[in-house]
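Engineer: attaching a predicted model along with its sequence, questions to come.
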Amino acid sequence: MKPRILAVDDDERNLALLTAKLEREGYEVGTARNGIEALQKVKDLHPDLIIMDVMMPQMDGYEALRRLKSSEETRYIPVIMLTGRADIEDKVMGFEVGAEDYINKPYSLQEVAARVKSLLRMRALQTKLREAERVAALGEMVDGIAHEIRNPLTAIGGMARRLFEGETDPQHKEYAQWILRSVERLERIILRIDEYKRILTSTLAKGDINNVIFGAVKDVKEFIEGEGKEITIKTNLMPDPPPVNMDYGNLKTALFNVLQNSAEAIERKGEITVETAPAHDQTIAIRVIDTGSGISGDEIRKVFNPFQSSKFGSAGLGLTITYRIIQDHGGEIELQSRKNEGTTVTIRLHPAEK
Ligand SMILES: Nc1ncnc2c1ncn2[C@@H]1O[C@H](COP(=O)(O)OP(=O)(O)O)[C@@H](O)[C@H]1O
Ligand SMILES: [Mg+2]
């Protein structure tokens, strides 16, 4: 997606030149002629960055800046101020209110473009870092828990097996078997946690999404067979899709998790369709559509959370893992569903640059 920039200046000519330059640099540009208009536009456009003149009628740049920086929703948008005079006090004031940068007028469009680029890059890195820290903390915690559980679980399993083998009373034998089954279930969860840790890093190389899809479909067909269900999988794929930078194994896991959920949501008989299509924003959309149980709006919001599961004995990490992998591929994933009608999961990926 193109980064969005809001340019604010009351001087029509400057605004037109600035807009034209930024559009040539590949940004989507919105414009405003004063502070009030700017605040309104921020709400509609959700800009990634704002370039704002100081001297404007109705509401000047500093007042607009102050309001932007005092609202939780808008305070993280970087703002570059265009200061009229090379007045040191102006700049100090701008920084105090929270401007990320300033440029003296008259400015060169080249300089504006360069500063915009560097600020956007810095902001993107900051966001990634925050996200990575969160995921790392979560991963560490989950790993710690898995580690603590592993040893006692082995002991419980081993002892229950001995009881089971030495027991002659059929009732007691059944109890021991219950314990063993529960231990196996917990062991499966721990396996998933290990898997979660493993996929925390994706190594990207150019690949063909159709191959990934065929691989994941093959795996899920095996899964379906094991479950003894009658599910038809249809594929409707673009021929010769553009290459995508991918970690083949991880992307296949991501897709398999989605397909497996679809298969699990179908009680006995149903259909899963996998289709790919170029989207308007130049991404490739992979859609997995199933005729399964569907989920309600309340639950949809939580499906990507770790340990969120409606299934007995399931770790609820499938979509958490998938989300993480798609994110590492610079893509997006969303789930739409209606209770009792079915579910559509859409994954959007960017083609690799040539
Ligand atoms: N295609 C689907 N149809 C219905 N529910 C789904 C679908 N995909 C995901 N869900 C819901 O989201 C939850 C979380 O999925 P996931 O993270 O894969 O965990 P798990 O499959 O281990 O439960 C599932 O338990 C299920 O309730
Ligand atoms: Mg799952």
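Structural biologist: Sure, I can see it. Ligands and ions are numbered 1, 2, ... in the order given.

Engineer: now the closest residue to residue 32 other than its chain neighbours: how far from ligand 1?
Structural biologist: Once flanking residues are discounted, residue 32 sits nearest to residue 38: 4.1 Å by CB to CB, 6 or more residues apart in numbering. Quick note: C-beta positions are derived from backbone N, CA and C, even for glycine. In this view, residue 38 and ligand 1 are 41 Å apart by CB to the nearest ligand atom, to the nearest Å.

Engineer: so is residue 39 in a helix, a strand, or just coil?
Structural biologist: Secondary structure, DSSP: H, G, I helix; E, B strand; the rest coil: residue 39 is helix.

Engineer: give me the number of residues near the residue lying closest to residue 210 once chain neighbours are set aside?
Structural biologist: Counting by CB to CB, 6+ apart, residue 210 lies nearest to residue 237, which is 5.3 Å off, once chain neighbours are set aside. When counting by other CB atoms under 10 Å, one arrives at 15 neighbours for residue 237.

Engineer: go on, the one 3 residues further on?
Structural biologist: A count of nearby residues for residue 240, using other CB under 10 Å, gives 8.

Engineer: where's residue 62 relative to residue 115, distance?
Structural biologist: Distance of residue 62 to residue 115, given as CB to CB, to the nearest Å: 19 Å.

Engineer: tell me the gap between the top helix by length along the chain and the middle of its chain.
Structural biologist: Using DSSP state H to define each element, the chain has its longest helix at helix 109-166. In terms of CA atoms, centre = their mean, to the nearest Å, the centre of helix 109-166 is found 15 Å from the chain centre.

Engineer: now the following helix or strand past that helix: buried residues?
Structural biologist: Per DSSP states H and E, the first helix or strand lying C-terminal to helix 109-166 is helix 170-198. Residues 176, 179, 180, 183, 186, 189, 190, 192, 193, 196 are the ones in helix 170-198 that count as buried (16 or more other CB atoms under 10 Å).

Engineer: run the chain-centre distance for helix 170-198.
Structural biologist: Relative to the centre of its chain, helix 170-198 is centred 31 Å away, using CA atoms, centre = their mean.

Engineer: who are the contact partners of the residue of the stretch 201-350 of the chain found nearest ligand 1?
Structural biologist: At 2.5 Å from ligand 1, residue 318 is the closest residue in the stretch 201-350 of the chain, using CB to the nearest ligand atom. For residue 318, the contact set (CB atoms under 8 Å, 6 or more residues apart in numbering) comprises 192, 257, 258, 260, 261.

Engineer: for the longest helix of the chain, which helices and strands make contact with it?
Structural biologist: Counting contacts by 3 or more CB pairs under 8 Å, 6 or more residues apart in numbering; DSSP states H and E, helix 109-166 packs against helix 12-24, strand 49-53, strand 79-83, strand 101-104, helix 170-198.

Engineer: out of those, which gets nearest to residue 269?
Structural biologist: helix 170-198 (26.2 Å; CB to CB).

Engineer: is that closest one in proximity to ligand 2?
Structural biologist: No. Remark: helix 170-198 sits outside contact range of ligand 2, by CB under 5 Å from the ion, the gap being at least 9.2 Å.

Engineer: got it, and stretch 314-328?
Structural biologist: Yes. Against ligand 2, stretch 314-328 shows contacts by CB under 5 Å from the ion at residue 318.

Engineer: how far away from the center of its chain is that stretch?
Structural biologist: So, by CA atoms, centre = their mean, the centroid of stretch 314-328 is 10 Å from its chain's centroid.

Engineer: close to ligand 1: what parts of the stretch 201-350 of the chain are there?
Structural biologist: The interface of the stretch 201-350 of the chain toward ligand 1, taken as CB under 6 Å from any ligand atom, is made up of 257, 261-262, 265, 290, 292-295, 303, 308-311, 314-320, 343.

Engineer: helices - which of those residues land there?
Structural biologist: If you go by DSSP H, those have 257, 261, 262, 265, 318, 319, 320 in helices.

Engineer: out of the residues you listed, who's the most crowded?
Structural biologist: Going by other CB under 10 Å, residue 262 tops those with 27 neighbours.

Engineer: so what's that residue closest to, chain neighbours aside?
Structural biologist: Once flanking residues are discounted, residue 262 sits nearest to residue 290: 3.6 Å by CB to CB, 6+ apart.

Engineer: residue in the stretch 51-200 of the chain nearest to ligand 2?
Structural biologist: residue 192 (9.2 Å; CB to the ion).

Engineer: pLDDT weak spots in the protein?
Structural biologist: 1, 85-88, 90, 128, 131-132, 135-136, 200, 313, 354 (pLDDT under 70).

Engineer: which strand is the longest one in it?
Structural biologist: In the chain, with assignment by DSSP state E, the single longest strand is strand 269-278.

Engineer: please work out which residue of this protein is closest to ligand 2.
Structural biologist: In the chain, the residue found nearest to ligand 2 is residue 318; the distance is 2.8 Å by CB to the ion.

Engineer: how far away is that residue from residue 138?
Structural biologist: Distance of residue 318 to residue 138, given as CB to CB: 16 Å.

Engineer: again with residue 98
Structural biologist: Applying CB to CB to residue 98 and residue 138 gives a distance of 30 Å.

Engineer: and what of residue 57?
Structural biologist: Distance from residue 57 to residue 138, counting by CB to CB: 49 Å.

Engineer: and the two? Which one has more around it.
Structural biologist: Taking neighbours as other CB under 10 Å, residue 57 and residue 138 compare with residue 138 leading, 15 against 10.
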